[in-house]
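*Asks:* my questions are about this predicted structure, shown below with the sequence.
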Amino acid sequence: MLPLILIATQAAVMDAYGKTSPLVASAYGSSYPVPVPGNLHEWYSQLPDNATCEVLLTVAYSSVNPSDIHPTMAVSDHYPKPMGSDVSGVVTAVHGPCTRLKVGDQVWGDIGPNTHTAAGAKTKELGAYAQFAVAFESQLSVIPNGMGLDEAASLPKVALTSYKALVWYAKIAARPMGKRKILILGGSSGTGSVAVQLAKHAFNGTLVTTTTSAKNFDYVRSLGADVLIDYHVSDWWNTSVVTDGSQDVVYDCVGESGTGNRAVKKLRAGGDYVTITGALATDELPAGVQQHSFINSDTNLGSANLLEELAAFSGPNAIHMTKLTSYDLVDVDKAFAESETGHVDGKLVIRVPPASAKELKSAAAVWAA
């Protein structure tokens, strides 16, 4: 491990948004240390077997997810600690047995998974709201062909979440073609936007129904939705809107009170209700119906293979985020405020100021030492 004095010089600090200690509010600043080789293995424990190679990224963009605003970080974690999960950028250096990525690759990933500190306390990795970030090679993949770095940063967490929801839990790819009727709650949200595309295009959904507001009908229809429900006017749980026993999958991206008990009634035998909000049914489930709740961040220390599967969808099946609103790194607080309104359509992306040639050279030199 390199002596810590190397990361205390002015040439090896960076602009970032994070916490200077576990007891203070998040803040933008320019005194965050640039990560050095071996940091991740020093800071964290209980890592998966494929988390061996560490990658230094020059960050281009990140994004805002609701979980980014108040992440749970252990007191025994390292500080100062930049926040931020989604990341896109360029590989600047690698350390350890790296087999997939090389310097110069443009990559995307979610570097905000749940993990454990060296002392064993549960925490989050994070680090994307910074000019430089360190990640495991097992978390990153080359961005899809033709995709810009801003769009690439908007997708990893929401795309991984909806892919797992539909493939791991709803088992959509294993369902007969005639039994892929899907109700997605919150179709214009980040997770919902990806879910609509996956359901309709990647997995040939028989009928994709989603809830959103009327002002977003054109947007959600462009993603592939067949039936649109304006939640301001109609309650999806009413049988006059969605018939009981008519759906094969209900995917909840909203988490309203009572959703679980209402959702399972819409499923026919063999159907699956999946929620990312914890809003499970408390009533007895209808015969042949299953329900699932999961936390995406529990399985993103080694998600590179899933990112590759998402990137492999091409042509009309390619996944995109067509509604983006950009904020500068210095304005993360403003982006958080917009996110907390609960009415973000698409994604908010964070534009990170580019590192200077001198800063790039300094960071690369530390990793080459």
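*Replies:* That came in fine, so what should we check first?

*Asks:* every contact and neighbour count from this point should use C-alpha atoms.
*Replies:* Noted.

*Asks:* what helix or strand is the spatially most central residue of the chain on?
*Replies:* Of all residues in the chain, the one closest to the mean position by CA atoms, centre = their mean is residue 157, 1.0 Å from it. In this structure, residue 157 sits in helix 156-163 according to DSSP states H and E.

*Asks:* let me know the pLDDT of the residue nearest to the centre of the chain.
*Replies:* Looking at residue 157, its pLDDT reads 98.

*Asks:* how far away is it from residue 189?
*Replies:* The gap separating residue 157 from residue 189 is 12 Å, by CA to CA, to the nearest Å.

*Asks:* likewise for residue 54?
*Replies:* Distance from residue 54 to residue 189, by CA to CA: 32 Å.

*Asks:* what's the closest non-adjacent residue to residue 197?
*Replies:* In space, and not counting its chain neighbours, residue 197 is closest to residue 223: 5.5 Å by CA to CA, 6 or more residues apart in numbering.

*Asks:* dihedrals phi and psi, that neighbour?
*Replies:* phi -80, psi -20 (degrees, to the nearest 10).

*Asks:* would you map the helices across the stretch 151-300 of the chain?
*Replies:* Taking DSSP state H, counting those that start in this stretch as the test, the helices found in the stretch 151-300 of the chain are 156-163, 190-197, 217-223, 259-265.

*Asks:* and among those, the most buried is which?
*Replies:* Mean neighbour count (mean count of other CA atoms under 10 Å) peaks for helix 190-197 among the helices of the stretch 151-300 of the chain, with a mean of 28.

*Asks:* what's it in contact with?
*Replies:* 155, 158-159, 161-163, 166, 184-187, 208, 210, 220, 223-225, 253, 317, 319-321, 345-347 (CA atoms under 8 Å, 6 or more residues apart in numbering).

*Asks:* and it, how far out from the chain middle?
*Replies:* Centroid separation for helix 190-197 versus its chain: 12 Å, with CA atoms, centre = their mean, to the nearest Å.

*Asks:* now do it against helix 156-163, angle only.
*Replies:* Between helix 190-197 and helix 156-163, the angle comes out at 50 degrees (axes from the mean of the first three to the mean of the last three CA atoms, to 10 degrees).

*Asks:* helix 190-197 - what's its average pLDDT?
*Replies:* Helix 190-197 comes out at a mean pLDDT of 97.

*Asks:* what's the longest helix anywhere in the chain packed up against?
*Replies:* Counting residues, the longest helix found in the chain (DSSP state H) is helix 357-368. Packing partners of helix 357-368 (3 or more CA pairs under 8 Å, 6 or more residues apart in numbering; DSSP states H and E): strand 86-95.

*Asks:* now for the helix or strand following the strand it packs on, which elements pack on it?
*Replies:* For strand 86-95, the succeeding helix or strand toward the C-terminus, using DSSP H and E, is strand 106-110. Applying 3+ CA pairs under 8 Å, 6+ apart, we find strand 106-110 packed against strand 86-95, strand 140-142, helix 149-154, helix 156-163.

*Asks:* need these in TSV with distance to residue 275, can you?
*Replies:* Converted to TSV, the helices and strands packed on strand 106-110 look like this (distance: least, CA to CA, whole Å):
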stretch	distance to residue 275
strand 86-95	21
strand 140-142	26
helix 149-154	21
helix 156-163	10
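
*Asks:* right, and the ones you listed - which one's nearest residue 258?
*Replies:* Among the helices and strands packed on strand 106-110, helix 156-163 comes nearest to residue 258, with 21.3 Å by CA to CA.

*Asks:* now do the contacts for the nearest residue to residue 71 once chain neighbours are set aside.
*Replies:* Among residues not flanking residue 71 along the chain, residue 124 sits closest, at 7.2 Å (CA to CA, 6+ apart). Shown in contact with residue 124 (CA under 8 Å, 6+ apart): 71-74, 112-116.

*Asks:* out of those residues, who has the most neighbours?
*Replies:* Ranked by neighbour count (other CA atoms under 10 Å), those have residue 112 at the top, with 27 neighbours.

*Asks:* from what I see, it and residue 123 are in contact.
*Replies:* No: between residue 112 and residue 123 there is no contact under CA atoms under 8 Å: 9.6 Å.
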